[in-house]
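Novice: quick one, structure for this:
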Amino acid sequence: MSLFGTMDISASGLAVQRARVEALAQNVANAQTTRTPEGGPYRRRHVVVEAAPGTGSPFGTMLAHLRSGVDPARETAGVRVNEIVVDDSPPERRYLPSHPDAGPDGYVDFPPFNPVEDMVDLSSGVRSYQANLAVIAALKEMISRTLDISR
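Specialist: This next block holds a predicted model:
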């Protein structure tokens, strides 16, 4: 794989982690939202990631795949967001009769929220983003040194 192919894969990882961190930040920000335009409490979003299929290989790479026994159809070009799934778990009910969104029984529906889980996921997303940035920085340094040597 070329240095630029590796950079493309890291760039796709950056895009996926950005989407994941944005969804997690939105979940944390709306942890207490009891009313949405769709009606009812906020529903958490989860980012589903999949491998992005390769766009095809040059003939030499195809031969290398065949010699190594690796199926060239399984070659990937990074990752991508497949979909953003809305959580359908039941809301958390709290007895708050003075709340403006309280029902006739005095209960208010809140989004199910686990702050520890969301903060761990958020930390993981940020770390993954940083790892992809480190790969791109290392590739940039390799390309720069290669150009220096060729001068």
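
Novice: hey, let's count contacts and neighbours off CA atoms from now on
Specialist: OK.

Novice: low pLDDT regions in this protein?
Specialist: Residues of the chain meeting the criterion pLDDT under 70: 1, 54-76.

Novice: try 80 this time
Specialist: Where the chain drops to pLDDT under 80, the residues are 1-4, 53-77.

Novice: pick out the residue nearest the middle of it.
Specialist: The residue lying closest to the centre of the chain (Cα atoms, centre = their mean) is Arg20, at 3.2 Å.

Novice: ok, that one - contacts?
Specialist: Residues near Arg20 by Cα atoms under 8 Å, 6 or more residues apart in numbering: 46-47, 125.

Novice: among these, which are in strands?
Specialist: 46-47 (DSSP state E).

Novice: helix or strand for the residue nearest to the centre of the chain, which one?
Specialist: Element membership of Arg20, judged by DSSP states H and E, is helix 3-29.

Novice: what's the longest helix in the protein?
Specialist: helix 115-150 (DSSP state H).

Novice: how about it: buried residues?
Specialist: 122, 125-126, 128-129, 132-133, 135-136, 139 (16 or more other Cα atoms under 10 Å).

Novice: okay, those residues in JSON lines with distance to Pro37 next?
Specialist: Formatted as JSON lines, these follow (distance: Cα to Cα, whole Å):
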{"residue": "Leu122", "distance to Pro37": "26"}
{"residue": "Gly125", "distance to Pro37": "28"}
{"residue": "Val126", "distance to Pro37": "30"}
{"residue": "Ser128", "distance to Pro37": "33"}
{"residue": "Tyr129", "distance to Pro37": "32"}
{"residue": "Asn132", "distance to Pro37": "36"}
{"residue": "Leu133", "distance to Pro37": "37"}
{"residue": "Val135", "distance to Pro37": "41"}
{"residue": "Ile136", "distance to Pro37": "41"}
{"residue": "Leu139", "distance to Pro37": "45"}
